[in-house]
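[1] Pasted the sequence and its predicted model underneath.
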Amino acid sequence: MNKLFRLLFYCVVLLLSAGCASTADNNFNSLLWMQSSAEYKANALQAYNAAMRNIDAALADRRWTAAGEQVGDFSSLPPAVVMDIDETVLDNSRYMGKEVLENRAWSSTTWDEWVALKEAAAVPGAVEFINAMNGKSVRVIFISNRECRSRDKPGSGCSQEADTIENLAKAGVHGVLPENVLLMGEQDGWTSEKKSRREYIAERYRIVMLFGDDLGDFLPGVKNNITPQERDRLVREHKNNWGRMWFMLSNPTYGSWLNVLGDPKSRYIRSY
């Protein structure tokens, strides 16, 4: 009887999770792929190798810009590459691993505790690419949705920025200045939508490349109130940018791709 009860219990859990992709259990295979597969590492290296092959052309062409927010005459501006941090430069899969193994959901509290540990490793290829940009006098600027907020008491500052810079250094990215790390909430209007921060950078630099793991790292208005089909159309519309000036890193564990799907998410699985 106990065996039968356990079997029925697990069947119910599986049926419920099929329509609710937000539970930690449903990240198991995605996380396993990120942490253990050679394919994940090869995919990341492929993105950064492609960027290296295109950077000289980007620097030589003064009309070259990767940002739709870049307007006016930007030909005399110094060049910069703009990079997301999490799952683009830093690998936070150990944080997600704790979520899965302890069957807990993401929370801003546990995430901030992880940021404070400064233990995220580098995504394959990221450090080598960033160091190469420094050698070419290309400014590397990070736009991250790590939130700038007080930890202990109001007005205590933005510890997350210092933690992030220290974590980058531990991972092999040295000499990052605070003004080149733009966190969510660091200035008024800097929301999770990154358009305003790209505009801020575009006034000061010619943005030659964009790197991220989410469509929102490249385009505005793609994280909410949009269908998967509309997002697919935008990817096709900008097909010549991918692998040339836009470089997408793989992240099957979280992101706006998941947020735009309605429940039950099982209805998006196709069969024959």
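    Thanks, I have the structure now.

[2] And for Gly97, nearest residue in space, chain neighbours not counted?
    Excluding its sequence neighbours, the residue lying closest to Gly97 (C-beta to C-beta, 6 or more residues apart in numbering) is Leu31, at 6.1 Å. Every residue, glycine included, has its C-beta placed from N, CA and C.

[3] Which positions within whatever helix or strand that neighbour lives in qualify as buried?
    If you go by DSSP states H and E, Leu31 is part of helix 28-36. When neighbours are counted by 16 or more other C-beta atoms under 10 Å, the buried residues of helix 28-36 are found to be Ser30, Leu31, Met34.

[4] Please point out which parts of stretch 227-240 sit buried.
    Arg231, Val235.

[5] quick one: it to chain centroid distance?
    In terms of C-alpha atoms, centre = their mean, to the nearest Å, the centre of stretch 227-240 is set 18 Å apart from its chain centre.

[6] now do stretch 173-193
    How far stretch 173-193 lies from its chain's middle: 14 Å, per C-alpha atoms, centre = their mean.

[7] can you list contacts of that stretch?
    Applying C-beta atoms under 8 Å, 6 or more residues apart in numbering, the contact partners of stretch 173-193 are 89, 122, 126-127, 130-131, 134, 139-149, 158, 160-162, 164-165, 168-169, 196-197, 200-201, 216, 220-221, 223.

[8] switch to 7 Å and redo it
    Defining contact as C-beta atoms under 7 Å, 6 or more residues apart in numbering, one finds that stretch 173-193 is touched by 127, 130, 139-149, 158, 160-161, 164-165, 168, 196-197, 220, 223.

[9] ditto for stretch 40-58
    Stretch 40-58 has contacts (C-beta under 7 Å, 6+ apart) with 33-34, 64, 123-126, 128-129, 132, 136, 208-209, 243-245, 247-250.

[10] average pLDDT for stretch 83-100?
    Taken as a whole, stretch 83-100 has a mean pLDDT of 97.

[11] Distance from it to the middle of the chain?
    Distance, stretch centre to chain centre, for stretch 83-100: 9 Å (C-alpha atoms, centre = their mean).

[12] Could you do stretch 162-172 as well?
    Computed by C-alpha atoms, centre = their mean, the chain-centroid distance of stretch 162-172 equals 16 Å.

[13] Dump that stretch to CSV, keeping only the CA atoms.
    Below are the C-alpha coordinates for stretch 162-172, written out as CSV (Å, rounded to 0.1, in the frame of the first residue of the first chain):
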residue,chain,number,x,y,z
ALA,A,162,31.2,46.5,-5.3
ASP,A,163,30.4,42.8,-4.9
THR,A,164,30.0,42.4,-8.7
ILE,A,165,33.2,44.1,-9.5
GLU,A,166,35.1,41.9,-6.9
ASN,A,167,33.4,38.8,-8.3
LEU,A,168,34.5,39.8,-11.9
ALA,A,169,38.0,40.3,-10.6
LYS,A,170,38.0,36.8,-9.0
ALA,A,171,36.8,35.4,-12.3
GLY,A,172,39.7,37.0,-14.2
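
[14] List the buried residues for it?
    For stretch 162-172, using 16+ other C-beta under 10 Å, the buried residues are Asp163, Thr164, Ile165, Asn167, Leu168, Ala171.

[15] before we move on, the earlier item: show the buried residues in the contacts of stretch 40-58.
    34, 64, 123-126, 129, 208-209, 244-245, 247-250.

[16] for this structure, which spans come out with low pLDDT?
    1-25, 153-156 (pLDDT under 70).

[17] Where is the longest strand in it?
    In the chain, taking DSSP state E as the definition, the longest strand is strand 139-147.

[18] Need the residues that contact the helix or strand following that one.
    Per DSSP H and E, the first helix or strand lying C-terminal to strand 139-147 is helix 159-171. When contacts are defined by C-beta under 7 Å, 6+ apart, helix 159-171 is touched by residues 85, 90, 115-116, 118, 120-122, 127, 144, 146-148, 151, 176, 178, 181, 183.

[19] at 8 Å what do you get?
    85, 89-90, 112, 115-116, 118-122, 127, 142, 144, 146-149, 151, 174, 176, 178, 181, 183, 186.

[20] What of stretch 144-158?
    84-86, 108, 112, 115-116, 159-161, 164, 181-186, 192, 194.

[21] If anything else comes up later, I'll come back, but that's it for now.
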